[in-house]
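Chemist: here's my sequence, what's the structure:
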Amino acid sequence: MGELPLDINIQEPRWDQSTFLGRARHFFTVTDPRNLLLSAAQLETSRNIVQNYRAGVVTPGITEDQLWRAKYVYDSAFHPDTGEKVVLIGRMSAQTPTVVFWQWVNQSFNAIVNYSNRSGDTPITVRQLGTAYVSATTGAVATALGLKSLTKHLPPLVGRFVPFAAVAAANCINIPLMRQRELQVGIPVADEAGQRLGYSVTAAKQGIFQVVISRICMAIPAMAIPPLIMDTLEKKDFLKRRPWLGAPLQVGLVGFCLVFATPLCCALFPQKSSINVSKLEPELRAQIHEQNPSVEVVYYNKGL
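Modeler: As a prediction, this is how the structure comes out:
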């Protein structure tokens, strides 16, 4: 077996990101909960394989499949722009086992995920982060309590959908607040070759909007399907005779849905998103036209 060639583009996902199937396969790999079980040594080995390959050094004896595996292990644990290791609970692969907790824990978790998977490398101060966290979690929990109060006199089935409505509303609060720095200073935009051209607030708004849509869709299977199933089962003799099965069954249904919902909804939009130069801020548009007149489309990391 010969040495692995250096022309494999591991800067991009393994599968075609212009297709939903390709994006789905990509995010099934990125969000694989088994990545959480990897040791620090395994993560470091994967990082070395990836960084060495990008520097033109092939790890002896490595196969293409092993290279791609290392790339996805690396991507699952390290921030794409800063290269820093993301805390365990902040990784996208941690979403499935964590999201089943109550609203405060859920929104605290979401706040960490939203910050950890933000776009760009602009630093955020501790004070800004603290303010964003308190605002995001408080707003999300207040939304949940308000919705619960409004629906307490409605049929039980309607009440079962309050968590979904709360999560949908909370995402509209949590994500922009935890990524407010991007809305203030913008995120990096680059040409097709990866050459950075500047920072854009318009691109940040588009990326954050896409993430909000993805997160809301992500909640639909886990928070809309189980209530319907549980409402039906609770009317059956089987569950009436075994009421203790209700809680674990519901948690199991939610977890099962999340296994598929997380990667499929992350795949709704390309990770490397694009925007026409004509839609950027006038100052940045003029700067790009002056320095790179042939560039009509720029690219950015939308975050997760």
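
Chemist: strands along the protein, start to end?
Modeler: Taking DSSP state E, the strands of the chain run over residues 187-190, 196-200, 272-276, 297-301.

Chemist: quick one: closest of those to residue 13.
Modeler: Distance to residue 13, taken as C-beta to C-beta, is lowest for strand 272-276 among these, at 8.5 Å. To be clear about C-beta, it is placed using only N, CA and C from the backbone, and glycine gets the same treatment.

Chemist: residue 196 touches residue 186, doesn't it?
Modeler: No. Residue 196 lies out of contact with residue 186 (C-beta atoms under 8 Å); the separation is 11.7 Å.

Chemist: neighbour count winner among those two?
Modeler: Per other C-beta atoms under 10 Å, whichever of residue 196 and residue 186 has more neighbours is residue 186, with 23 against 11.

Chemist: how about the helices in the stretch 151-300 of the chain?
Modeler: Here the stretch 151-300 of the chain has its helices, by DSSP state H, counting those that start in this stretch, at 156-160, 162-178, 180-185, 201-233, 237-241, 246-266, 282-291.

Chemist: which other helices and strands contact the fifth one?
Modeler: The one in question is helix 237-241. When contacts are defined as 3 or more C-beta pairs under 8 Å, 6 or more residues apart in numbering; DSSP states H and E, helix 237-241 packs onto no helix or strand at all.

Chemist: let me know the average pLDDT across it.
Modeler: Taken as a whole, helix 237-241 has an average pLDDT of 75.

Chemist: so which bits of it are buried?
Modeler: Buried residues in helix 237-241, defined by neighbour count with 16 or more other C-beta atoms under 10 Å: residue 239.

Chemist: relative to residue 270, how far out is the residue lying closest to residue 269 once chain neighbours are set aside?
Modeler: Leaving aside its sequence neighbours, residue 269 sits nearest to residue 210 (C-beta to C-beta, 6 or more residues apart in numbering; 4.3 Å). According to C-beta to C-beta, to the nearest Å, residue 210 stands 9 Å off from residue 270.

Chemist: identify the contacts common to the two.
Modeler: Common neighbours of residue 210 and residue 270 are listed as residue 302 (criterion: C-beta atoms under 8 Å, 6 or more residues apart in numbering).

Chemist: thinking again about what came up before, looking at the residue nearest to residue 269 now. What's its pLDDT?
Modeler: 92.

Chemist: can you tell me how far it sits from residue 177?
Modeler: Residue 210 sits 17 Å away from residue 177, going by C-beta to C-beta.

Chemist: swap in residue 45?
Modeler: 36 Å.

Chemist: these two - which one has more neighbours?
Modeler: Legend: neighbour count by other C-beta under 10 Å for residue 45 and residue 177, higher for residue 177 (22 against 16).

Chemist: closest to residue 40 out of the helices of the stretch 151-300 of the chain?
Modeler: Distance to residue 40, taken as C-beta to C-beta, is lowest for helix 246-266 among the helices of the stretch 151-300 of the chain, at 24.0 Å.

Chemist: measure how the closest one sits relative to helix 162-178, angle-wise.
Modeler: Using axes from the mean of the first three to the mean of the last three C-alpha atoms, to 10 degrees, the inter-axis angle of helix 246-266 relative to helix 162-178 is 40 degrees.

Chemist: now helix 246-266, how far from the centre of its chain.
Modeler: The chain centre lies 16 Å from the centre of helix 246-266; the measure is C-alpha atoms, centre = their mean, to the nearest Å.

Chemist: pull the residues that contact that helix.
Modeler: With contacts defined as C-beta under 8 Å, 6+ apart, helix 246-266 is touched by 23-24, 26-31, 33, 92, 95-97, 99-100, 214-215, 217-223, 225-226, 229-230, 233-234, 239, 304.

Chemist: the domain parsing of the chain - what is it?
Modeler: 1-6+13-78, 79-301 (automatic domain parsing).

Chemist: winner for burial among the ones you listed?
Modeler: Neighbour counts (mean count of other C-beta atoms under 10 Å) averaged over each of those peak at domain 79-301, with a mean of 17.

Chemist: compute the first-to-last residue distance for it.
Modeler: 11 Å (C-alpha to C-alpha, to the nearest Å).

Chemist: centre of the chain versus that domain, how much separation?
Modeler: Put simply, domain 79-301 sits 6 Å off its chain's centre (C-alpha atoms, centre = their mean).
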